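In: What follows is a protein structure lacking sequence information:
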C-alpha cells in the first residue's frame, strides 16, 4: 500500500518531481539507496530488498530513468509456483525493459519515469494496462492512477496539486503542519510543501483509510510506512534523496540525503 506523488512537467526543459512513501513489512530487511547491482545493472542505484535482491525504487541517472513499485491486489488467486519477486521489474524498467504482457508476478502498479515522461503499468494477474500520465500532479497507490475510490487519493490529491506551486494556504484545504525551512543546500528544499502535507496527513491515525503514513496490519497486511524517497529528474540527470522513519508507521521529519 505504498503511495507515490508525481508532478509531470509541461515541457521537457522542466524537471519532473516525484515523492514516494514505502510501505513494507518492517521485518523484511532492506538497504538504503546505493549501487547494489554493479554487475547486472551498472550505474543503477536504488532501495534494495535484501531477501530477493530486487528494488522497490531504482534510478539510472545517466539514462534519466527511474522506476518504483506499488503492490496491487490480484483479481484471482494465483498459484505461487513459478511466480517471481516484483522487485526485478523495477531494475528491468530502469534498464529500459518494461514488463511483458503476462508478468509472472503478483499484481502491481509500476511507475516508470524516463526524462519528463511517465507511464504506469498496472497488472492484476489477468491483464496488463499502461497509463501515460498527462502533465500535472498525480497520485498512485494500490488501485488506479488518481483513483477517487482510494480514500487517501480522494483526500490528498488536490492539496498536493496546489502545493506543487506553493504551500497550501487556502483555509478550506486540509491544514499543513508548520515546517522549519530547511537549509538551501538540502535535497528536500523543493519538496518542503509536499513533506508538510505528509506531516499534516500524519495527524490521522495510521490505520485510517485516508492516511498516507500507514499501519496496514488491521487491514490484513503486515506492512507499515518505513521511508520516503524524493526524486528530481531533469536535463542534468536524476537527483535522489532517501529518509527512513524512526519508527515504522509513525511520522517524523525524515532527514533526506
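Out: Yep, it's here. Computed from a prediction, not measured in an experiment: that's the story for all the values here.
In: so residue 233 touches residue 113, yeah?
Out: Yes: Residue 233 is within contact range of residue 113, at 5.7 Å (criterion: CB atoms under 8 Å). For the C-beta atoms, the positions are set from N, CA and C on the backbone; glycine is no exception.
In: so what sits against both of those two?
Out: 16, 18, 66 (CB atoms under 8 Å, 6 or more residues apart in numbering).
In: got a pLDDT number for residue 195?
Out: At residue 195, the pLDDT value in this model is 94.
In: how about residue 196, phi and psi?
Out: Reported as degrees, to the nearest 10, the phi and psi values for residue 196 are phi -60, psi -40.
In: The one 5 residues further on too?
Out: The phi and psi torsions at residue 201 (degrees, to the nearest 10) take the values phi -70, psi -30.
In: Give me the distance between residue 125 and residue 97.
Out: 21 Å (CB to CB, to the nearest Å).
In: the more surrounded of the two?
Out: residue 125 (19 against 10; other CB atoms under 10 Å).
In: these two touch, right, that one and residue 83?
Out: No: using CB under 8 Å, residue 125 is not in contact with residue 83, being 9.8 Å away.
In: Show me whatever sits in contact with both of those two.
Out: residue 106.
In: Contacts for the host helix or strand of residue 92, please.
Out: Assigned by DSSP states H and E, residue 92 belongs to helix 87-94. The contact list for helix 87-94 (CB under 8 Å, 6+ apart) reads 37, 40-41, 44, 46, 49, 52-60, 63, 65-69, 98-99, 103, 105, 108, 110, 112.
In: okay, now the closest residue to residue 246 other than its chain neighbours: neighbour count?
Out: Among residues not flanking residue 246 along the chain, residue 252 sits closest, at 4.9 Å (CB to CB, 6 or more residues apart in numbering). Residue 252 is flanked by 13 other residues according to other CB under 10 Å.
In: Could you do residue 61 as well?
Out: 16.
In: dump the residue contacts of it.
Out: By CB under 8 Å, 6+ apart, the neighbours of residue 61 are 43, 45, 237, 238.
In: my guess is residue 3 contacts residue 143, does it?
Out: No: if you go by CB under 8 Å, residue 3 and residue 143 don't touch, sitting 11.6 Å apart.
In: quick revisit: secondary structure, neighbour count and distance to residue 147 for the shared contacts of residue 233 and residue 113 - can I get that in CSV?
Out: Shown next, in CSV, are the shared contacts of residue 233 and residue 113 (DSSP: H, G, I helix; E, B strand; the rest coil; neighbours: other CB atoms under 10 Å; distance: CB to CB, whole Å):
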residue, secondary structure, neighbour count, distance to residue 147
16, strand, 24, 21
18, strand, 26, 18
66, strand, 30, 22
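In: Show the average pLDDT along stretch 46-65.
Out: 97.
In: Now do the nearest residue to residue 104 once chain neighbours are set aside, the pLDDT please.
Out: By the measure of CB to CB, 6+ apart, the closest residue to residue 104 outside its immediate chain neighbours is residue 84, 5.2 Å from it. With respect to pLDDT, residue 84 has a value of 89.
In: Could you report the neighbour count for residue 84?
Out: For residue 84, using other CB under 10 Å, the count is 13.
In: any idea which helix or strand carries it?
Out: Using DSSP H and E, residue 84 falls outside every helix and strand.
In: And the residue nearest to residue 235 when sequence neighbours are not counted, how far from residue 116?
Out: Leaving aside its chain neighbours, residue 235 sits nearest to residue 13 (6.7 Å; criterion: CB to CB, 6+ apart). In this view, residue 13 and residue 116 are 8 Å apart by CB to CB.
In: Fine by me, we can end here.
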